[in-house]
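**Student:** The following block contains a protein sequence and its predicted model.
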Amino acid sequence: MTRFQLILLGLCVLTLITFLWSIMAGAVPISSKVVLNTLFHFDGPKQDYIINRSRLPRSLLALMTGGSLALSGAIIQALLRNPLASPKIIGINSGAALAVLLATLLLPNLSYQWVPFIATLGGFIAVALVYVMAELRPVSPARLALIGVAVGFACDAGVDFILVTADTYVVSSPLVWLTGSLWARGWTHVSQVAPFLLPMSVIALFMMHQLDLIRLGAAQASSLGQHVRSTRLILLAIATFLAAVSVSAVGVLGFVGLMAPHIARRLVGGEHSKLLPVAMLVGALLVLAGDAAGRALAPPLEISAGIFTALFGAPFFIFIMLTNKSEETT
């Protein structure tokens, strides 16, 4: 087996083990035997309600959103040719969060089936603002990133304003969601986001070779027959879609889209046919482990997955940035 295949296999096994632990962990600890009995209908003790109605959909949602956020981050880093870029950096997460929060407050009886559309709309508005302002002068990766930071700060300010001025009871639930939480997530949330995240992920994987061309620079990519502007717009739209829909389901997990692609790049290099699947597995593993740890640490209290991913990921990210002398950040 090649090194890439070994890493991919190892991550799959680690993700499967973490998935099992995620179903076992919580206010009511469940043994692995009971979990297997329930999932595969073996003879013996079962916990159908807790596993099938609560923890299984929650763990599946963590896998989907973690992988989608990582994939979105990898695409954005390739488009900006900057390993420090992420959906959060260019304002996607913040725009989606602001749109969902506004909709929750203005339309309290809004059905959840509209939330992915609203989040996507907010993310696209934020990205459109970034792109339009960048187009006022020749587009460069640095300009896109800096304008994205400004738009993201503006959206974050809007979120903070709403949280400060709105009634405490009204914002209590959105406040938990904004920390990046899978609390009370079930099959409804899985069924709402899966039809969007899964097809978009497949489309992104089919375009992985376009990302390799873009990484060479606009001039070289054009000389190789790529329509750089249209390809960038399509990939940016896919990245926006993946991040915004994920935010609608699990809140703002801004660190995952930044960290997972970078870990993957350290493991398998920058070739996107290897980078993208590994980044998706790393992102899924980060969210899954963060959610499980949040339930296992001090039950029945739940700590948001976003807190754990930032708490353990940020120091590691700083470490690899300080020790990686060859990484370009421009």
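**Tutor:** Perfect, thanks for sending it.
**Student:** When you work out contacts or count neighbours from here on, use the C-alpha atoms and nothing else.
**Tutor:** OK.
**Student:** avg pLDDT for stretch 271-281?
**Tutor:** Averaged across stretch 271-281, pLDDT comes to 95.
**Student:** How far does the strand or helix carrying Leu322 sit from its chain's centre?
**Tutor:** Assigning secondary structure by DSSP states H and E places Leu322 in helix 305-323. Once both centres are worked out by C-alpha atoms, centre = their mean, to the nearest Å, helix 305-323 turns out to sit 15 Å from its chain's centre.
**Student:** change the start of the numbering to 10 and stick with it
**Tutor:** Done: numbering now begins at 10, and the last item shifts to helix 314-332.
**Student:** Tell me which residues of that helix come out buried.
**Tutor:** By neighbour count on 16 or more other C-alpha atoms under 10 Å, the buried set for helix 314-332 is Ala314, Gly315, Ile316, Phe317, Thr318, Ala319, Gly322, Phe326.
**Student:** And the contacts of it?
**Tutor:** Contacts of helix 314-332 with the rest of the structure, by C-alpha atoms under 8 Å, 6 or more residues apart in numbering, involve 188-191, 261-265, 268, 295-296, 298-303.
**Student:** Same check on stretch 189-196?
**Tutor:** 62-64, 66-67, 71, 258-262, 300, 311-316.
**Student:** Using CSV, list the CA coordinates for stretch 30-46.
**Tutor:** Provided in CSV are the C-alpha atoms of stretch 30-46 (Å, rounded to 0.1, in the frame of the first residue of the first chain):
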residue,chain,number,x,y,z
TRP,A,30,-17.5,6.4,21.0
SER,A,31,-19.8,9.3,20.0
ILE,A,32,-22.8,7.0,20.2
MET,A,33,-21.6,5.6,23.6
ALA,A,34,-20.9,8.9,25.3
GLY,A,35,-23.4,11.1,27.1
ALA,A,36,-25.5,11.5,30.2
VAL,A,37,-26.5,7.9,29.9
PRO,A,38,-23.3,5.9,29.1
ILE,A,39,-23.9,3.0,26.8
SER,A,40,-21.6,0.0,26.3
SER,A,41,-20.2,-0.9,22.9
LYS,A,42,-22.0,-4.2,23.0
VAL,A,43,-25.4,-2.5,23.5
VAL,A,44,-24.6,-0.1,20.6
LEU,A,45,-23.7,-2.9,18.3
ASN,A,46,-26.8,-4.9,19.3
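**Student:** So what's the gap between that stretch and the chain middle?
**Tutor:** Put simply, stretch 30-46 sits 25 Å off its chain's centre (C-alpha atoms, centre = their mean).
**Student:** Quick check: buried residues in it?
**Tutor:** Using 16+ other C-alpha under 10 Å as the test for burial, stretch 30-46 gives Trp30, Ser31, Ile32, Met33, Ala34, Gly35, Ile39, Val43, Val44, Leu45, Asn46.
**Student:** Now it: average pLDDT?
**Tutor:** 92.
**Student:** The residue nearest the centre of the chain is in what secondary structure piece?
**Tutor:** Centroid-nearest residue in the chain: Leu78, 2.1 Å away (criterion: C-alpha atoms, centre = their mean). Leu78 belongs to helix 65-89 when assigned by DSSP H and E.
**Student:** Following the chain past that helix, name the next helix or strand.
**Tutor:** For helix 65-89, the succeeding helix or strand toward the C-terminus, using DSSP H and E, is helix 101-115.
**Student:** Would you indicate which residues of that next one are buried?
**Tutor:** In terms of neighbour count (16+ other C-alpha under 10 Å), helix 101-115 has its buried residues at 101-114.
**Student:** other SSEs contacting the helix or strand that that helix is followed by?
**Tutor:** Where DSSP H and E defines the elements, the next helix or strand beyond helix 101-115 is helix 124-144. In terms of contacts (3 or more C-alpha pairs under 8 Å, 6 or more residues apart in numbering; DSSP states H and E), helix 124-144 is packed against helix 101-115, helix 150-174, helix 237-259.
**Student:** on that earlier part again, mind putting the buried residues of stretch 30-46 into JSON lines with secondary structure and distance to Ile171?
**Tutor:** Shown next, in JSON lines, are the buried residues of stretch 30-46 (DSSP: H, G, I helix; E, B strand; the rest coil; distance: C-alpha to C-alpha, whole Å):
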{"residue": "Trp30", "secondary structure": "helix", "distance to Ile171": "37"}
{"residue": "Ser31", "secondary structure": "helix", "distance to Ile171": "33"}
{"residue": "Ile32", "secondary structure": "helix", "distance to Ile171": "35"}
{"residue": "Met33", "secondary structure": "helix", "distance to Ile171": "37"}
{"residue": "Ala34", "secondary structure": "coil", "distance to Ile171": "34"}
{"residue": "Gly35", "secondary structure": "coil", "distance to Ile171": "32"}
{"residue": "Ile39", "secondary structure": "coil", "distance to Ile171": "40"}
{"residue": "Val43", "secondary structure": "helix", "distance to Ile171": "44"}
{"residue": "Val44", "secondary structure": "helix", "distance to Ile171": "42"}
{"residue": "Leu45", "secondary structure": "helix", "distance to Ile171": "45"}
{"residue": "Asn46", "secondary structure": "helix", "distance to Ile171": "46"}
